[in-house]
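A.B. asks: Mind folding the following:
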Amino acid sequence: MRIAAFLLLCLGIAVAVALVIQQGAADIATLIVGASWGVAAVIALHLVPILLNALAWRSLLLPMGANRPILALFWMRWVADSVNQLLPAAQLGGEVLRGHMLARSGVPGVTSGASIVVDLLGGLVSLILFILIGGGLLMAKGADPTAARTATIGMALFVVIFFVLIAAHRAGAFLYLARGLERMHDGRAWRAMTGGATALDRALVDAYRRPVTFLRCVLWHLAAWCAGSVQIWVTAHALGYPITPLEALIVDSAGQAVRNLGFAVPGQLGVQEAGYLAAGTLVGLPSEIGLSVALIKRIRDLALGVPALIAWQAILGRRVFKRPRG
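C.D. replies: Here you go, the predicted model:
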């Protein structure tokens, strides 16, 4: 699996570099430098989706009796997102990390693990809704037949993936996977985080029996996706190609659809760049502008992710040095 991930990473880098060269590296650099105020705005604006995603997580934790300050959950979410974006070899490593962070704050492991899994599913449902909304807006805008067909195929793929995941969980696939992970890893460490595979599965079933709570989680996540599309709107204006907020939502939903379909590629390198390049053309953006949008998102991830990872490592180091020696 590590070899496959490394090969996909190399392929993704090659695709990203090829796209930049094809569109003109010097022209792309000039565009991004000229849009410096937009880059700064996008970095600041991205704190809003992080906060909204933290609120989605908190909406699940409250009924579970795990009330934690929103700033603490915001910090955990920020660090976890940074791990997923900048340490792609871990894939879902960020989600495991925030589970550990929540458990360390005093939340029972089984509650922590269940909240993460349900939150991930809520995020997936909201992403499907976001893509459906973008596809609907694209159809209403009068998309050409090829774009409409591509959008329909993408939406259908996400709907199929969602129902496959639901069916797999109902068939006990998650419990089987959790037991396998429990055997592969240190059993005590795994149970400390999740309470054990069987307990975690029971907690998940209990969480799914609260449809109103789950719907609230989905809506918070959907708000986060919509807030993210504001960054596309700001970026396009900064690059000198203004679009409407609804067009920005179309671009972001299509770009996110392509990006998430390439989940197997570490960091979605190359996939994100190709996705936003193609998505921009749906609303008339030149291909180099769509590519610049994707690259500015990379700059944003670095600007927010690196400080978060450094701070997290500093906190861990301080805890190690404070630990009593025996």
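
A.B. asks: residue boundaries of the helices in the stretch 101-250 of the chain?
C.D. replies: 109-140, 145-170, 173-184, 187-194, 197-208, 211-238, 245-261 (DSSP state H, counting those that start in this stretch).

A.B. asks: buried sites along the first one?
C.D. replies: Read that as helix 109-140. Neighbour-count burial for helix 109-140, counted by 16 or more other C-beta atoms under 10 Å, picks out 109-119, 121-131, 133-135, 137-138. For the C-beta atoms, the positions are set from N, CA and C on the backbone; glycine is no exception.

A.B. asks: Local confidence estimate at residue 200?
C.D. replies: On pLDDT, residue 200 comes in at 64.

A.B. asks: Ignore what I typed, I meant residue 244.
C.D. replies: 94.

A.B. asks: For it, give its distance to residue 287.
C.D. replies: Distance from residue 244 to residue 287, counting by C-beta to C-beta, to the nearest Å: 20 Å.

A.B. asks: Pick out whichever of the two has more residues nearby.
C.D. replies: Legend: neighbour count by other C-beta atoms under 10 Å for residue 244 and residue 287, higher for residue 287 (15 against 12).

A.B. asks: Would you check that that one makes contact with residue 279?
C.D. replies: No. Using C-beta atoms under 8 Å, residue 287 is not in contact with residue 279, being 10.5 Å away.

A.B. asks: Quick check: the gap between the nearest residue to residue 122 once chain neighbours are set aside and residue 32.
C.D. replies: Leaving aside its sequence neighbours, residue 122 sits nearest to residue 217 (C-beta to C-beta, 6 or more residues apart in numbering; 3.9 Å). In this view, residue 217 and residue 32 are 35 Å apart by C-beta to C-beta.

A.B. asks: cool, and residue 278?
C.D. replies: For residue 278, the distance to residue 32 equals 19 Å [C-beta to C-beta].

A.B. asks: Now do the contacts for residue 220.
C.D. replies: 52-53, 55-56, 59 (C-beta atoms under 8 Å, 6 or more residues apart in numbering).

A.B. asks: repeat that for 7 Å
C.D. replies: Going by C-beta atoms under 7 Å, 6 or more residues apart in numbering, residue 220 touches 52, 55-56, 59.

A.B. asks: element containing the closest residue to it other than its chain neighbours?
C.D. replies: Spatial nearest neighbour of residue 220, excluding adjacent residues (C-beta to C-beta, 6+ apart): residue 56 at 3.4 Å. In this assignment (DSSP states H and E), residue 56 forms part of helix 47-61.

A.B. asks: Mind listing what's buried along the very next helix or strand once past that helix?
C.D. replies: Counting by DSSP H and E, the next helix or strand C-terminal to helix 47-61 is helix 70-86. For helix 70-86, the neighbour count (16+ other C-beta under 10 Å) marks 73-86 as buried.

A.B. asks: now do stretch 291-308
C.D. replies: Within stretch 291-308, the residues scored as buried using 16+ other C-beta under 10 Å are 291-297, 300-301, 304-305, 308.

A.B. asks: now stretch 50-70
C.D. replies: 50-61, 64, 66, 68.

A.B. asks: Noted, bye for now.
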